[in-house]
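Enquirer: have a look; sequence and predicted model below, questions after that.
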Amino acid sequence: MPVKNRFAELQDEITAWRRDIHAHPELLFDTHRTSALVAEKLRAFGCDEVVEGIGQTGVVGVIKGLQSGSGKVVGLRADMDALPIEERTGLPYASQTPGAMHACGHDGHTAMLLGAARYLSETRNFDGTVVLIFQPAEEGGGGGREMCADGMMDRWGIQEVYGMHNWPGRPVGSFAIRPGAFFAAADLLTIEITGKGGHAAKPHETVDPTICAAQLVSALQTIASRNADPISQIVVSITSFETSSHAFNVIPTSVTLRGTVRTLSPENRDLAEARIKTLATALAQGFGAEARVDYKRNYPVMVNHDAQTEFAAAVAASVSGRCDEAPQVMGGEDFAFMLEERPGAYILVGNGDTAHVHHPEYNFNDEAIPAGCSWWAEIVEQRMPLG
């Protein structure tokens, strides 16, 4: 089954939805305009149930098939939030909100799932129930966790759940997926090094936290190179180095380091946290300083379930002719919380030769819309066939 003709017919309309969302990006849980737009369209499509305010600003729509004897319930999830980035695309529909931009394609994900919702509401060519999940706060807020904590899975009896993300660098509308650990756990790290400040001309009278912090930034890289199995993957990135004084002639009292830690297994996650705390504490003591480590476990490893991954890949191949094996990704993805609660799978759809996600010149490729919508629809129709 190739791309459905209905989505070719609807492409201009879905594109218009996408560009409207793109022009009005919203961050984290503040997706009030986007959530209202989604709910309005789901009701207009004739969904059997539309509920707002799940996981703060999430929206859930329910569509029942022509038959319900199978008792199957499949969830489809799209994320709605943007990123705190100043857009530099120069597009006619560029962000109208300073400091916010749809730089990860969540506008496209939302529009594609809305397109699938319209088609499924029109045809209802399946035996069971589809639950449409529109999630806020994927970009660091844990909106998936919040929707699950709100009882979404049990409330609608979701048995399986599927997600999709656009992927620059892949041919437009092509697909890639892998079973098992797919996206990394993404944890947040803050280290405060406290010493004794003073005059820059008299370093011997101080305990300089900048020297200690600089050494620690380098030492943390030994976790990947000397503590972890070389076959495994750990990424420790210090992304902020902030001193308590910005004067040229003052040695500061403290330095704060911030960053992320990314791992693909529970064992490496434990190893990274333990080694960070040991290195920071011991190194600070060696310099006569003190270290305080705040290690926040954020998104877990996103693990695709084997049977659902095989099915999702077969559906993708039926839409585009093939489905490739995706590489493991060290970025985080909070669809992981949903896959911890229910079996399911997450797939990549090609965005073409574009700037990569989280870049100020990125833009979702509207030519991917028919393939993405077709995959959503086929997941439902092939998982819950009539008769």
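Expert: Thanks, I have the structure now. Residues are numbered from 1 along each chain as shown.
Enquirer: Ile193 reaches Gly288, doesn't it?
Expert: No. Counting by CB atoms under 8 Å, Ile193 stays clear of Gly288, with 11.1 Å between them. Bear in mind the C-beta positions are built from the backbone N, C-alpha and C, glycine included.
Enquirer: overlap of the contact sets of those two?
Expert: Both Ile193 and Gly288 lack any common contacting residue under the criterion CB atoms under 8 Å, 6 or more residues apart in numbering.
Enquirer: what sits up against the top helix by length along the chain?
Expert: If you go by DSSP state H, the chain has its longest helix at helix 266-286. Applying CB under 8 Å, 6+ apart, the contact partners of helix 266-286 are 185, 187, 189, 191, 193, 212, 215-216, 219-220, 222-223, 227-228, 232-234, 236, 261, 263, 290-291, 293, 295, 297, 301.
Enquirer: what about Ile193 and Gly288, which has more around it?
Expert: Between Ile193 and Gly288, counted using other CB atoms under 10 Å, the more crowded position is Ile193 (29 against 13).
Enquirer: quick one: residues contacting that one.
Expert: 209, 212-213, 216, 254-257, 280, 284, 289-291.
Enquirer: can you show me the helices along this structure?
Expert: Going by DSSP H, the chain shows helices at 5-23, 32-45, 106-123, 143-149, 152-155, 209-219, 222, 266-286, 306-320, 335-341, 369-383.
Enquirer: looking at these, which is nearest to Val357?
Expert: helix 106-123 (9.7 Å; CB to CB).
Enquirer: that older thread, and Gly163, which of the helices of the chain is closest to it?
Expert: helix 335-341 (4.4 Å).
Enquirer: what's the closest of the contacts of Ile193 to Glu52?
Expert: Once CB to CB is applied, the member of those that ends up nearest Glu52 is Thr256, at 38.6 Å.
Enquirer: count of neighbours near the closest one?
Expert: 18.
Enquirer: do the same with the one 5 residues further on
Expert: Using other CB under 10 Å, the number of residues around Val261 comes to 25.
Enquirer: which residue packs closest to it, ignoring adjacent ones?
Expert: Asp187 (4.4 Å; CB to CB, 6 or more residues apart in numbering).
Enquirer: can I assume the one you found is in contact with Asp294?
Expert: No. Counting by CB under 8 Å, no contact exists between Asp187 and Asp294, whose distance comes to 10.7 Å.
Enquirer: which of the two has more neighbours?
Expert: Asp187 (22 against 11).
Enquirer: pLDDT score assigned to that one?
Expert: Confidence at Asp187, expressed as pLDDT, is 97.
Enquirer: dump the residue contacts of it.
Expert: Asp187 neighbours (CB under 8 Å, 6+ apart): Thr260, Val261, Arg262, Thr263, Arg269, Ala272, Glu273, Tyr295, Lys296, Arg297, Asn298.
Enquirer: near the last one, how many other residues are there?
Expert: A count of neighbours around Asn298, defined by other CB under 10 Å, yields 18.
Enquirer: how close does Met338 sit to Ile21?
Expert: Here Met338 is placed at a distance of 22 Å from Ile21 (CB to CB, to the nearest Å).
Enquirer: quick one, domains of the protein?
Expert: 5-183+301-383, 185-299 (automatic domain parsing).
Enquirer: just name the most buried of those.
Expert: Of all those, domain 5-183+301-383 carries the top mean neighbour count, a mean of 21, counting by mean count of other CB atoms under 10 Å.
Enquirer: distance between that domain and the chain's centre?
Expert: Between the centre of domain 5-183+301-383 and the centre of its chain there are 11 Å (CA atoms, centre = their mean, to the nearest Å).
Enquirer: got the end-to-end distance for it?
Expert: End-to-end distance for domain 5-183+301-383, by CA to CA, to the nearest Å: 20 Å.
Enquirer: got a list of what the closest residue in space to Leu37 that isn't next to it in sequence touches?
Expert: Nearest residue to Leu37 in three dimensions, chain neighbours excluded: Ile21, at 7.1 Å (CB to CB, 6+ apart). Ile21 is in contact with Thr34, Leu37, Met80, His102, Asp107, Thr110, Ala111, counting by CB under 8 Å, 6+ apart.
Enquirer: quick check: the fourth one touching Ala82?
Expert: Just to be clear, that refers to His102. Yes. The pair His102 / Ala82 is scored as a contact, 4.7 Å apart, by CB under 8 Å.
Enquirer: what residues are shared contacts of those two?
Expert: Common neighbours of His102 and Ala82 (CB under 8 Å, 6+ apart) are Pro25, Ser95.
Enquirer: where does the prediction get shaky in this structure?
Expert: Low-confidence segments of the chain (pLDDT under 70): 1.
Enquirer: ranges for the strands of the stretch 151-300 of the chain?
Expert: Along the stretch 151-300 of the chain, counting by DSSP state E, counting those that start in this stretch, strands occupy 160-167, 175-177, 180-183, 185-194, 198-199, 234-243, 250-251, 254-263, 290-299.
Enquirer: so how far is Met152 from the residue lying closest to Arg297 once chain neighbours are set aside?
Expert: Leaving aside its sequence neighbours, Arg297 sits nearest to Asp187 (CB to CB, 6+ apart; 5.3 Å). Between Asp187 and Met152 the distance is 24 Å, computed by CB to CB.
Enquirer: what's near enough to touch the residue nearest the centre of the chain?
Expert: Against the mean C-alpha coordinate of the chain, by CA atoms, centre = their mean, the closest residue is Glu333 at 3.5 Å. By CB under 8 Å, 6+ apart, the contact set of Glu333 is Glu138, His165, Phe182, Phe183, Tyr299, Met302, Tyr346.
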